[in-house]
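*Asks:* build me a model from this:
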Amino acid sequence: MKEHLTILLVDDDQDFIEQMRYMLETAGHKVYSAPGREKAMEALEGLKPDIAVIDLMMDRNDDGFVLAYRIKKMYPEVPVIMVTAVTSETGIDFGSSSDTGGWMRADALLQKPVRFEQLDATMRRLLNG
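*Replies:* Alright, predicted model coming up:
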């Protein structure tokens, strides 16, 4: 894994963005954040991140799915980590492992609240894989 990554962080929860941005930037990474799918797509016009961390449900329930699909279509080699509180909010369980089984255009799925150590370990696994 490169020492300093360019990370696209997309979530409509500003507190989550600020918390993750602080920890990622403290670790030496460059973070581009967006509050939703549209702003993320605008950012991707001039940015190829090393990895993307995106929320599953934002303004629309399918925003995370659509954004992950578009990122993978533009940059198939860029890992996408989906973060979600959907299990606690809806009772829908995507499974206990971070493997999405290929049906979701994400390389990993993390349940909120996400600890930095958990995110860092997942990024390392995906980028060293």
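*Asks:* centroid residue for this protein?
*Replies:* Closest residue to the average C-alpha location of the chain: V53 at 1.4 Å, with C-alpha atoms, centre = their mean.
*Asks:* residue boundaries of the strands in this protein?
*Replies:* For the chain, applying DSSP state E gives strands covering 6-10, 30-34, 51-55, 80-84, 108-111.
*Asks:* for L110, give the beta-bridge partners.
*Replies:* Residues in a beta bridge with L110, per DSSP bridges, are V83.
*Asks:* look up how far V31 lies from it.
*Replies:* As for L110, its distance to V31 is 17 Å (criterion: C-beta to C-beta, to the nearest Å). All C-beta spots, glycine's among them, are computed from the backbone N, C-alpha and C.
*Asks:* ok, now P113?
*Replies:* P113 is 18 Å from V31, by C-beta to C-beta.
*Asks:* looking at these two, which one has more neighbours?
*Replies:* V31 (19 against 11; other C-beta atoms under 10 Å).
*Asks:* and the more buried one, bridged to which residues?
*Replies:* Applying DSSP bridges to V31, the residues it is bridged with are I7.
*Asks:* tally of neighbours for A121?
*Replies:* A121: 12 neighbours (other C-beta under 10 Å).
*Asks:* quick check, pLDDT for it.
*Replies:* We have a pLDDT of 96 for A121.
*Asks:* can you check L127 too?
*Replies:* 95.
*Asks:* got a list of what it touches?
*Replies:* By C-beta atoms under 8 Å, 6 or more residues apart in numbering, the contact list for L127 reads M1, K2, L5, D50, I51, P79.
*Asks:* so for the residues you listed, which is the shakiest by pLDDT?
*Replies:* M1 (74).
*Asks:* contacting residues for it?
*Replies:* M1 sits in contact with M123, R124, L127, N128, where contact means C-beta under 8 Å, 6+ apart.
*Asks:* now, of the residues you listed, which are buried?
*Replies:* M123 (16 or more other C-beta atoms under 10 Å).
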